[in-house]
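Chemist: okay, predicted coordinates and the sequence, questions at the end:
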Amino acid sequence: MSHAPARPGPAAPPAAPLQPAHERRFPPAVFWELVGHLARRQLEAKHQLTLLGWAWPLTRQLAQLAVLVFVFSAVFNLHIHNYPVFIFIGLIMWTWFSTGIGDAAWAVTGQRHMILLSRLPKAALPLVSVIVPLVDVLIAFPVLVLMLALGDELRWGLLVFLLVLPLQALLMAGFAWFAAAGSVFFRDVPNIVVLALTLLFYLTPVFYGLKSVPQKYEWLLEINPLTTIIECQRALLLGDPAPGALRIAVVTAGSALVAVAGYLWFQRLEPRFADFQ
């Protein structure tokens, strides 16, 4: 008994080529949800099995504040009004910057297991380094409010203080992407970042103001975007002279440019990360 040959069915459509991991696009909501999840996990691990827990960053800042206030009030008097609040504002902003950029230099090389996850958007890792120390800023904020209240310095600018934070976050995100990507190919980058932050601390008006600097050297501090950011915060909270509108506009545009350039550079180098792990 012969059987008629089976008719071939309709040809299956060709399978879509697998999109390379670095070319996949994640919805912004998914991307930021991942950043939040990784930040929460890192915060929990950071404060686990410690006696002071979440109070440690604030404790370090207050200890540093006490030493700096003693040195530059009792030993070398800079004659700055409400110096404890003045310096605490600078410490809050500087500590966030230095901790975030320092941690970002290890965001990729220190998490090899994350890099090997092909579907993970690697650009989220440096952002976690920026967000985690931001929590320390929010913890220090009530202490800053208390210090202002005790010094009878409460102003409407207190409501705007938190609105300046996104500007610094934008600047930090750009530097974080640069540092994280660069450290994959040049393992000297974390050491360079530590050295640069050490030098930058003295060129940032954390424990002194621009008035304490000879006029011929003011430009050296003004090209530092953190100078403008810290001056803005002090102007809002203490009524100090605010930086000019042009300086604020330049820092805002420059921060956006650094963020975009850092992200694009990170995305361009990301496909080669796994080869250097």
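Modeler: Structure's in. What do you need?

Chemist: report the residue spans of this protein with pLDDT below the cut-off.
Modeler: Along the chain, segments meeting pLDDT under 70 span 1-26, 47-54, 72-77, 118, 275-277.

Chemist: which parts of it are helices?
Modeler: 28-47, 56-69, 83-104, 112-115, 124-150, 158-185, 189-202, 218-222, 225-238, 245-269 (DSSP state H).

Chemist: which stretch among those helices comes nearest residue 211?
Modeler: Among the helices of the chain, helix 218-222 comes nearest to residue 211, with 9.4 Å by C-beta to C-beta. Glycine gets a C-beta too; all of them are placed from N, C-alpha and C.

Chemist: list the contacts of the nearest residue to residue 240 once chain neighbours are set aside.
Modeler: Distances taken as C-beta to C-beta, 6 or more residues apart in numbering place residue 234 nearest to residue 240, at 4.4 Å, with adjacent residues excluded. Contact analysis of residue 234 by C-beta atoms under 8 Å, 6 or more residues apart in numbering lists 86, 89-90, 209, 240.

Chemist: give the buried residues for stretch 223-241.
Modeler: 225-238, 240 (16 or more other C-beta atoms under 10 Å).

Chemist: check stretch 261-273 too.
Modeler: 262-263, 266-267, 269-270, 273.

Chemist: centre of the chain versus it, how much separation?
Modeler: The chain centre lies 18 Å from the centre of stretch 261-273; the measure is C-alpha atoms, centre = their mean, to the nearest Å.

Chemist: quick check, nearest of the buried residues of stretch 261-273 to residue 56?
Modeler: Using C-beta to C-beta, the buried residues of stretch 261-273 come closest to residue 56 at residue 262, 29.2 Å.

Chemist: spit out the contact partners of the most centrally placed residue in the chain.
Modeler: When C-alpha atoms, centre = their mean is applied to the chain, the residue found nearest the centroid is residue 130 (3.3 Å). Shown in contact with residue 130 (C-beta under 8 Å, 6+ apart): 100, 104, 169, 172-173, 176.

Chemist: which two among those are spaced furthest apart?
Modeler: Pairwise over the contacts of residue 130, using C-beta to C-beta, the maximum falls at 104 and 169, 12.3 Å.

Chemist: which one's more surrounded, these two?
Modeler: Taking other C-beta atoms under 10 Å, residue 104 and residue 169 do not tie; residue 104 has more neighbours (28 against 20).

Chemist: ok, that one - contacts?
Modeler: Residue 104 makes contact with 126, 129-130, 172, 175-177, 179-180, according to C-beta under 8 Å, 6+ apart.

Chemist: just the contacts of residue 130 now: which is nearest residue 69?
Modeler: residue 100 (24.7 Å).

Chemist: how close does the closest one sit to residue 65?
Modeler: 20 Å (C-beta to C-beta, to the nearest Å).

Chemist: check residue 57 too.
Modeler: Residue 57 sits 13 Å away from residue 65, going by C-beta to C-beta.

Chemist: how about residue 163?
Modeler: Using C-beta to C-beta, residue 163 is found at 24 Å from residue 65.

Chemist: between the two, who's got more neighbours?
Modeler: Comparing residue 163 with residue 65 by neighbour count (other C-beta under 10 Å), the higher total belongs to residue 65, at 21 against 9.

Chemist: what residues are up against the closest residue to the more buried one other than its chain neighbours?
Modeler: Excluding the flanking residues, the one nearest residue 65 by C-beta to C-beta, 6+ apart is residue 88, at 5.4 Å. Shown in contact with residue 88 (C-beta under 8 Å, 6+ apart): 61, 65, 140, 143-144, 147.

Chemist: show me which of the contacts of residue 234 are buried.
Modeler: 86, 89-90, 209, 240.

Chemist: ok, of the residues you listed, which one's closest to residue 215?
Modeler: So of the buried ones among the contacts of residue 234, ranked by how close each gets to residue 215 (C-beta to C-beta), first place is residue 209, at 13.0 Å.

Chemist: from residue 190, how far off is the closest residue to that closest one other than its chain neighbours?
Modeler: Nearest in space to residue 209, with sequence neighbours left out and distances taken as C-beta to C-beta, 6+ apart, is residue 80 at 6.2 Å. Remark: distance between residue 80 and residue 190 (C-beta to C-beta) = 34 Å.
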